[in-house]
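**Q** Everything below, folded, please.
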Amino acid sequence: MAKTVKSVVKRQVRRTAKRNPAAVIILIVALAIGVAVGYFACTALTKNDGFSLKGEKAVIFTVGDGDGSVTLQEDGWTLTALGRDAAESVSVETDLQKTDGGYVVPTDEPGIYRIVYRPTHFLFSKYSLVRTVTVNAAEGGDE
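**A** Reported below is the predicted structural model:
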């Protein structure tokens, strides 16, 4: 019996809404206001968001610099998500050896090394930044 009362009430509400243009207008206005508030709230929350490297994106050394290895100071990165600092949610991937405040770059032979920064924060999880470290052959030398 409860189902029949519910179904009768639902039917009556639908009929009334269909017949009453004011109800339809109120529904459309409420929906438009909700969409506008959501848009402006999202825009306000994310207006200063970004992910960027501090320092140079490309670093160049020459074979023989530092008697076989050089310490590259890590300048770091900035990650702002939803108006807050989220820099701790970045993982770093590289073949270079980590040291206090940087990475040891072997300069005994030419090569290219990459330091890849990948955020785990859901807003930026599809992005990554790369710092490229190049060790060039010495000019005029046979190295």
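**Q** The chain: strands as residue ranges?
**A** 50-53, 58-62, 69-73, 77-81, 84-85, 90-94, 97-99, 102-106, 111-119, 129-136 (DSSP state E).
**Q** Residues touching the shortest one, excluding its own?
**A** Contacts made with strand 84-85 from outside it, assessed by Cβ atoms under 8 Å, 6 or more residues apart in numbering, are listed as 78-79. C-betas here are computed from N, CA, C, even on glycine.
**Q** Quickly run through the sheet partners of it, with directions.
**A** The strands that strand 84-85 pairs with in its sheet are strand 77-81 (antiparallel) (by DSSP bridges).
**Q** What residues sit buried inside the strand it pairs with?
**A** Neighbour-count burial for strand 77-81 flags 77, 79-81 (criterion: 16 or more other Cβ atoms under 10 Å).
**Q** was I right about residue 80 contacting residue 48?
**A** Yes: using Cβ atoms under 8 Å, residue 80 is in contact with residue 48, at 5.7 Å.
**Q** Break the chain into its domains for me.
**A** 2-46, 50-136 (automatic domain parsing).
**Q** tell me how far the ends of the last one are from each other?
**A** Yep, that's domain 50-136 we're talking about. In domain 50-136, first residue to last residue: 32 Å (Cα to Cα, to the nearest Å).
**Q** Check this structure and tell me which residue is nearest its centre.
**A** Nearest residue to the geometric centre of the chain (Cα atoms, centre = their mean): residue 124, 2.0 Å.
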